[in-house]
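# Got a predicted model here, sequence first, then my questions.
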Amino acid sequence: MRALLDTHTLLWATTEPWRLSPAARSIVASEANEVFVSAASAWEISTKVRRGKMPWAEDLEREFVSVLTAAGYSFLAVDVEQALRAGRLVGAHKDPFDRMIAAQALALDIPVISKNRHLDSFGVRRVW
């Protein structure tokens, strides 16, 4: 299975795995799955650390690439088509990071592992 982690799922998987649902924990833990992390999540985490909203994530932000590489995650860059798709998504949810993650999941036809029900309005397959 291939799946994309939402930012909160990524944070919980690396810092508080007990917060993941059993389904999310199973997907993340299985080496048979290809689990993606969006560049949008790196942007979101670094922005929130810089603004002081997530001081507890400073170590993860600083060692982002090495920690996630060691965990076996694959990185997903943002491309122009996905950026345009994110901007064009119809729905009231305005969070730019969520919109990008939704657009990438739709473009790749993979589910998002997320507790966030706002993503449903974009038509993504969400696993929690």
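Yep, that arrived. All values derive from a computational prediction rather than experimental measurement. Numbering: from 1, shown residues only.
# contacts, neighbours, all on C-alpha from now
Fine.
# Check Gly91 and give its pLDDT.
You'll see Gly91 listed with a pLDDT of 83.
# next one: Gln104
pLDDT, read off for Gln104, is 98.
# SS state for the nearest residue to it once chain neighbours are set aside?
In space, and not counting its chain neighbours, Gln104 is closest to Gln82: 5.9 Å by C-alpha to C-alpha, 6 or more residues apart in numbering. Following DSSP: H, G, I helix; E, B strand; the rest coil, Gln82 is assigned to helix.
# Gln82 contacts Met100, correct?
Yes. Contact between Gln82 and Met100 holds when scored by C-alpha atoms under 8 Å: they sit 7.1 Å apart.
# circling back: what's around the residue nearest to Gln104, how many residues?
If you count neighbours by other C-alpha atoms under 10 Å, Gln82 ends up with 21.
# Please apply the same query to Arg25.
When neighbours are defined as other C-alpha under 10 Å, Arg25 has 18 of them.
# ok, and the closest non-adjacent residue to Val127?
Ile113 (4.8 Å).
# can you pull up the bridge partners for the one you found?
Leu5, Val127 (DSSP bridges).
# Contacts only, for it.
The neighbours of Ile113, taking C-alpha atoms under 8 Å, 6 or more residues apart in numbering as the test, are 3-6, 9, 24, 126-128.
# and stretch 16-36, what's its mean pLDDT?
Stretch 16-36 carries an average pLDDT of 96.
# quick one: contacts of it?
Under the criterion C-alpha under 8 Å, 6+ apart, residues 1-5, 9, 12-13, 72-76, 113, 127-128 lie in contact with stretch 16-36.
# Pull out the buried positions in that stretch.
20, 24-25, 27-28, 35-36 (16 or more other C-alpha atoms under 10 Å).
# what's the distance between that stretch and the middle of its chain?
In terms of C-alpha atoms, centre = their mean, to the nearest Å, the centre of stretch 16-36 is set 12 Å apart from its chain centre.
# Next: stretch 107-126.
From the chain centre to the centre of stretch 107-126 is a distance of 10 Å (C-alpha atoms, centre = their mean).
# next one: stretch 1-18
Chain-centre distance of stretch 1-18: 7 Å, with C-alpha atoms, centre = their mean.
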